[in-house]
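Peer 1: Build me a model from this:
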Amino acid sequence: MSFFESEIVQEEAKKLFTDYQNLMQLGSDYGKFDREGKVMFIDTMENLMERYKVFMKRFELSEDFQAKMTVEQLKTQLSQFGITPDQMFDQMNKTLVRMKSELDK
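Peer 2: So this is what the prediction gives:
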């Protein structure tokens, strides 16, 4: 069975995508959140990032050709912006750290 035929992979991909879309929709009102709402949003985003890292690591560790191609495509797309996947995660983490530091402002 190929990587993408795995029911677990399909379910997690769908859940990650749906959770991300919902969080981004919710995040459009971030400026209106009270402090507790902002903390919950940041925590949820951190959790989503960790799930995405694990999901991507599965791609990287897989021997499946399509999984390896997906990783290479992501690297190619990110390289067009001058960054690597690790740099992307680092930047997302820096953004969350900044958001946390601005909670009481």
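
Peer 1: Look up how far residue 30 lies from residue 24.
Peer 2: 10 Å (CB to CB, to the nearest Å). Quick note: C-beta positions are derived from backbone N, CA and C, even for glycine.

Peer 1: ok, now residue 49?
Peer 2: Residue 49 is 16 Å from residue 30, by CB to CB.

Peer 1: who has more neighbours, those two?
Peer 2: More neighbours surround residue 49 than the other of residue 49 and residue 30, with 15 against 12 (other CB atoms under 10 Å).

Peer 1: Which SSE is immediately downstream of the helix or strand encompassing residue 57?
Peer 2: Residue 57 is located in helix 35-61, with elements delineated by DSSP states H and E. Per DSSP H and E, helix 35-61 leads on to helix 65-79 as the next helix or strand towards the C-terminus.

Peer 1: quick one: that next one to helix 35-61, angle?
Peer 2: 130 degrees (axes from the mean of the first three to the mean of the last three CA atoms, to 10 degrees).

Peer 1: do you know how far the residue nearest to residue 75 when sequence neighbours are not counted is from residue 38?
Peer 2: Spatial nearest neighbour of residue 75, chain neighbours left out: residue 85 (6.5 Å); criterion: CB to CB, 6 or more residues apart in numbering. As judged by CB to CB, residue 85 and residue 38 stand 27 Å apart.

Peer 1: quick one on the thing from earlier: and the helix holding residue 57, how far from the chain's centre?
Peer 2: 6 Å (CA atoms, centre = their mean, to the nearest Å).

Peer 1: Next: stretch 74-83.
Peer 2: 16 Å.

Peer 1: who touches that stretch?
Peer 2: 56, 84, 85, 87, 88, 91 (CB atoms under 8 Å, 6 or more residues apart in numbering).

Peer 1: Out of those, flag the one nearest to residue 6.
Peer 2: When the contacts of stretch 74-83 are ranked by distance to residue 6 (CB to CB), residue 56 comes first, at 15.1 Å.

Peer 1: Was I right to think that closest one contacts residue 85?
Peer 2: Yes. Using CB atoms under 8 Å, residue 56 is in contact with residue 85, at 6.7 Å.
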